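Visitor: coords please:
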Amino acid sequence: MKRNLMLLLIVAVSSFPLLAQARGGQTAAAPVPYATANQVNALMSQLESTATSTAADLGRLRVNKWKGPSDAKQQADANRQSILRNLETALPGMISAVRGNPDDVAASFKLYRNLDALYDVLSSVAESAGAFGPRDDYQALANDVNSLEHIRRDLADSVENLAGSKETELARLRNEVHAAQAAAQAAPPKKVVIDDTEPVKKPVHKKRVVKHPVKKPANGSATQQNPTPQSPKNSNPQ
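Guide: Okay, the predicted model is just below:
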């Protein structure tokens with residue numbers, strides 16, 4: 001089932017950008033159904049509750065008091081600390097990402113891979129507790145392992161269904177792209193007439209301005225005075 005799930009996820013995640021580019025960057029992704037969103041939220045709540053109880057059970061372990069080889073106890077304690085770090089730092093962010101976007105295949109698959117790793121390591125710690133530790137420690141961890149196993153299976157089913165719906169959506173988008181390409185090839189080419197002749201520009205005639213010369217008075221005088229005529233002298237005849 002893991003191999004088929006991986007193939008579906010690779011196809012779903014890798015094909016959407018190509019189809020979006022072919023359709024001009026637009027995707028018509030259908031919203032996640034309300035019932036599916038409620039199922040995802042309920043599953044995330046179960047996971048949070050299981051993570052809280054698991055962290056509490058791991059915190060109560062006294063691995064140094066177990067009866068067994070020192071290297072086995074050191075490995076069990078290292079696994080215990082690794083699980084606690086994951087539960088406190090990595091897991092909450094993954095749960096929030098899936099809860100905020102239930103139809104995100106990448107976020108759901110990332111959470112599934114993390115739960116798969118947690119299940120393997122927690123099972124190893126539980127086996128060590130059963131072999132070297134008190135029965136109460138083993139029983140508590142065994143319950144946590146069973147809860148995590150159920151959640152992991154439910155999440156795997158959810159991711160597989162989500163990948164299947166994405167594959168159906170991809171098939172529909174491919175058909176739309178192929179139909180659009182076929183219609184574009186069947187349509188007659190459009191004729192485009194380009195008029196590259198430039199209009200003749202009329203010459204612009206400038207008005208000629210005639211300047212009249214200004215006469216300047218001679219010797220710098222503005223006016224010239226006329227001489228006063230002299231009266232003739234009277235002569236008496238003798």
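
Visitor: Quick check: pLDDT value at Ala179.
Guide: For Ala179, the pLDDT comes out at 78.

Visitor: Pull the number of nearby residues for it.
Guide: Using other CB atoms under 10 Å, Ala179 has 10 neighbouring residues. C-beta here means a position set from N, CA and C on the backbone, and glycine is covered the same way.

Visitor: Quick check: which element contains it?
Guide: If you go by DSSP states H and E, Ala179 is part of helix 135-186.

Visitor: Once you drop chain neighbours, what's closest to Gln39?
Guide: Distances taken as CB to CB, 6 or more residues apart in numbering place Ser158 nearest to Gln39, at 7.1 Å, with adjacent residues excluded.

Visitor: and that neighbour, how many neighbours?
Guide: Neighbour tally, Ser158, other CB under 10 Å: 19.

Visitor: now swap in Asp136 and tell me
Guide: 11.

Visitor: ok, now how distant is it from Glu167?
Guide: 47 Å (CB to CB, to the nearest Å).

Visitor: Over to Gly133?
Guide: Plainly put, Gly133 is 46 Å away from Glu167 if you go by CB to CB.

Visitor: Which one's more surrounded, the two?
Guide: A count of neighbours by other CB under 10 Å puts Gly133 above the other of Gly133 and Glu167, at 22 against 16.

Visitor: pLDDT score assigned to that one?
Guide: pLDDT recorded at Gly133 is 94.

Visitor: Where in the chain is the helix or strand with the lowest mean pLDDT?
Guide: In the chain, the helix or strand scored least confidently by mean pLDDT, DSSP states H and E is helix 2-22, which has a mean of 46.

Visitor: Tell me the first helix or strand C-terminal of that one.
Guide: helix 34-59.

Visitor: Which elements pack onto that next one?
Guide: helix 70-85, helix 91-100, helix 105-132, helix 135-186 (3 or more CB pairs under 8 Å, 6 or more residues apart in numbering; DSSP states H and E).

Visitor: And stretch 169-178, what's buried?
Guide: For stretch 169-178, a neighbour-count test (16 or more other CB atoms under 10 Å) marks 169-170, 173 as buried.

Visitor: re earlier: and the helix holding Ala179 with helix 105-132, angle?
Guide: Angle, helix 135-186 to helix 105-132, by axes from the mean of the first three to the mean of the last three CA atoms, to 10 degrees: 160 degrees.

Visitor: Show me what helix 135-186 is packed up against.
Guide: Here helix 135-186 touches helix 2-22, helix 34-59, helix 105-132, going by 3+ CB pairs under 8 Å, 6+ apart.
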